[in-house]
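Trainee: When you get a sec, could you give me coordinates for this:
(one chain, ligands or ions: 2)
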Amino acid sequence: PPVIRREDYRAPDWLVPEVELAFDLDPARTIVRARLSVTRNGEHDRPLRLDGEELELLALRVDGEAREARFEDGRLVVDLPGSSAVIETDVAIAPEKNSQLMGLYASGGILCTQCEAEGFRRITYFADRPDVLSRYRVRLEADKARFPVLLANGNPIEQGDAADGRHFALWEDPFPKPCYLFALVAGDLQCNRDSFTTMSGREVELGIWVREADLSKTALAMQALKDSFAWDERTYGREYDLDRFNIVAVSDFNFGAMENKGLNIFNTRYVLADPETATDGDIDAVAAVVAHEYFHNWSGNRVTCRDWFQLSLKEGLTVFRDQGFSEDMGSAAVQRIDQVRTLRAAQFPEDAGPLAHPIRPDSYLEIANFYTATVYNKGAEVIRMMRTILGPEAYRKGTDLYFERHDGQAVTCEDFVRAMEDASGVDLKQFRLWYSQAGTPTVQARLEQDGEGTTLHLAQQVPPTPGQSDKQPMVIPLRVALIGAESGREVAAEQLVLLTEGEQTVDLGTVGEPAFLSINRGFSAPVLVDAVRKPGEIEALAAGDSDSFARFEAGQELMTRDMLAAIRNGGAVEVEAIVAAVGATLRSQSLDPAFKADAIALPGESLLIEKLDAADPARVHEVREEVRRAIGTRLGEDLQRAYTAASAADPTSLSGADKGLRRLRAATLALIAAGDAKLGASLGQQQYEAARTMTERQSALMVLAMLGTDASGKALDDFFTRFEDDPLVIDKWFAVQASVPDESNLHVVEALQQHPAFTLANPNRLRALAGSFAGTPSAFHRADGKGYDWLAEVIVAADKLNPQTAARFVAPLGRWRKIEPGRAARMRAALQRILAEPGLSKDVFELASKSLG
Ligand code: HT7
Ligand code: ZN
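Mentor: Numbers count the residues shown, from 1 in each chain. Ligands and ions are numbered 1, 2, ... in the order given. Predicted structure coming up:
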């Protein structure tokens, strides 16, 4: 497949200011009639070229005259003599056969669309690129009994009955948009209706459309939507612009959700939630995704991307905006820990492996492969760093200028940075390297204290990544403070240090006592910090750093240090410091429960593997389990006390305090079970049976499943029958069992694959099984390589149905460079087998071939 390169960008030859579409909807055969007004863009004599994929062309007319179709490289080529024309096409498509879930497809009797990134070409012939912006007028016609609700972007204009039991609806979107934001939905749906009055006093009708049975689970999403409208007005001065805002939930969806103008389409997973069937984590995710999609109305829709290499322009910025929303709605400190956990689990390994790419990639085979943690989450960190460097006021001036200057345009990351510079007067020349250089920088830090004062010695290295061997020093904003070794107080107040050179020293003045270094507070830069530590320093910071993120971080550093030492030297783990730190956290009267839950959680096995060369995953598991056991046995009483106290959480409350208690209860139960399996099983069973929320029920079920006793079988059966009719909960049933960290768990996973409720065709179900299994290192990395073989077979089978979703499971096999040679060879063999498969999609081909390296 051809490589698409950023440097090859050329403005479109033809623009399409107006589009009229008429859909004769039928799951088996839908007819799409398109009328495009096209205008020549600039001086050239090139023909109009329209993308199309899996379309049956029925008719082509140019200015009303029938024309013979001509195709070149799969595109419809139309020679046009003048500077404008009207192109009409009639095509037929088969939504019910569309298993890729891109374009127009059927999900549980609902017809819906997904056009980002390049799905519109599967609906009609079009210039399917984000820099062609058009006004749309859309007529939908369908059988009234089967599809009583007909929705599209924008505002409703007209509706009525048609012949043969059919009806129609006409929608018009006044805002020019790229075709990736086009959407339609037809189905038998019920609506949770509400309204929002915007800051200029306009009334917006809000609707969340779902199957009737799910209506009762939409209240939390509706509240999140209204909160998002208000937050974006307050925080960014952004007001909504249409009379309607609709959300539709469908159960077959490749991603989390989609920000189509005025008609967001969501994976049910990020809309439907109530405390009985969704965990607190799920409920928070619903709010975050609702906010994310809503915020795209400005960062993505009103100002969109010039080309797909600029994806982080909208995604990095929108993730940063939804992070701000979650921080303001809950506990900012706990949110930040969660954000960094996600970044470390998903983005750091990507940046350190064969699929590393800058947040603004330079080339791709398949753009769907670049909806990555790098573009999204590292992209958000880059925006956060700009805000840190400029300060909140200048940052806000920058976003105001960006939205005002580029409203209605398709622009680049460079345009965003320039708006930030112009608004603040700060030169971001060197900072731009964050857009072009891949890889996670390492910052080495050493504090030197003598009679003269305190000096911080810093050095940075940006590692080589595929296609980028030489790197330049980046701008790294580090929030730094000094904590007195004797007083435990901040003896040098926090300051922002900008590391811009390869090596740099910073004078921190004189402090009256030996000091400890609190660095990268709040995770001010997405880097790895390698600090020279004095004896007792990290323990002291874990016990009392005044920045709660840095305190959490010190605890993680301490745990990682002692586990890695044992993994490397093959001996027993030195657990004293870890047990002392966890004990102090559990007994603390001042820390809040949610923070305690985060602070007592050990770094995961995948994170430890990333820090090793040639890791033996079985050894990593053994050492981590040894530590969990030691905490469980040595701190049994503290854990039980904390567990009992946390049981006071009010099950009907979603307050931060009650969610924090439930989080701590789950974390302590898991550690109690690690120390005393019998007690863990009995508490787990009691908790399962008495559970009034999914948070309690799922955490108990996970502990029971890990213990693997008779009680676990009973609880799993009960769980299945209790929630048989709720697909999102049955996903949990698959995920819990596929996450058991045991070498022999592949048998369970194979049996689950044969379960009547399993299907490769539903991305949520596939992620629940394959994603959970591949994300559990001690089960996935069986020494005999059978875990890799299983995943490779699943990828090949899923690829035939849905290449985008199949491709998402390739990355775990690409981590072979971090694994010991025996297993690494088996991982490579699995990748080679995937590549040998005839008819492989370019999605899977790109990732598998890059993963082999
Ligand atoms: N902007 C949306 C991306 C998306 C997507 C991409 C590829 C394939 C399917 C997809 N569905 C949605 C989601 C977002 O970031 O908000
Ligand atoms: Zn997004």
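Trainee: Figure out how far the host helix or strand of Arg33 is from the centre of its chain.
Mentor: Per DSSP states H and E, Arg33 falls inside strand 30-40. Centre-to-centre, strand 30-40 and its host chain are 34 Å apart (Cα atoms, centre = their mean, to the nearest Å).
Trainee: interface residues of the stretch 301-450 of the chain facing ligand 1?
Mentor: 315, 368, 371 (Cβ under 6 Å from any ligand atom). Every residue, glycine included, has its C-beta placed from N, CA and C.
Trainee: and the gap between the first one and ligand 2?
Mentor: It stands for Glu315. 5 Å (Cβ to the ion, to the nearest Å).
Trainee: Kindly provide the distance from Asp51 to Asp90.
Mentor: 17 Å (Cβ to Cβ, to the nearest Å).
Trainee: Reformat the residues of the stretch 301-450 of the chain next to ligand 1 as TSV; add pLDDT and secondary structure.
Mentor: Formatted as TSV, those follow (pLDDT from 0 to 100; DSSP: H, G, I helix; E, B strand; the rest coil):
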residue	pLDDT	secondary structure
Glu315	99	helix
Ala368	98	helix
Tyr371	98	coil
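Trainee: about what we covered before: quick check: mean pLDDT across the strand holding Arg33?
Mentor: On average, the pLDDT along strand 30-40 is 99.
Trainee: packing partners for the following helix or strand past it?
Mentor: Past strand 30-40, further along toward the C-terminus, the next helix or strand under DSSP H and E is strand 48-50. On a contact count with 3 or more Cβ pairs under 8 Å, 6 or more residues apart in numbering; DSSP states H and E, strand 48-50 meets strand 75-78, strand 84-93.
Trainee: Dump those to JSON lines, plus mean neighbour count, distance to Ala183 and mean pLDDT.
Mentor: Formatted as JSON lines, the helices and strands packed on strand 48-50 follow (neighbours: other Cβ atoms under 10 Å; distance: least, Cβ to Cβ, whole Å; pLDDT from 0 to 100):
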{"stretch": "strand 75-78", "mean neighbour count": "18", "distance to Ala183": "23", "mean pLDDT": "98"}
{"stretch": "strand 84-93", "mean neighbour count": "18", "distance to Ala183": "15", "mean pLDDT": "99"}
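Trainee: The residue in the chain positioned nearest to ligand 1 in helix, strand or coil?
Mentor: Of all residues in the chain, the one sitting closest to ligand 1 is Phe255 (3.3 Å; Cβ to the nearest ligand atom). At Phe255 the chain is in coil, as set by DSSP: H, G, I helix; E, B strand; the rest coil.
Trainee: tell me the domain ranges of this structure?
Mentor: Listed domain ranges for the chain are 4-188, 304-436, 442-532, 541-675, 723-853 (source: automatic domain parsing).
Trainee: Just checking the distance from the third one to the centre of its chain.
Mentor: Right, domain 442-532. 30 Å.
Trainee: Now do the end-to-end distance for it.
Mentor: 13 Å (Cα to Cα, to the nearest Å).
Trainee: Give me the mean pLDDT for it.
Mentor: Here the average pLDDT along domain 442-532 is 97.
Trainee: picking that back up, in its sheet, what does the strand holding Arg33 sit against?
Mentor: strand 14-24 (antiparallel), strand 84-93 (antiparallel) (DSSP bridges).
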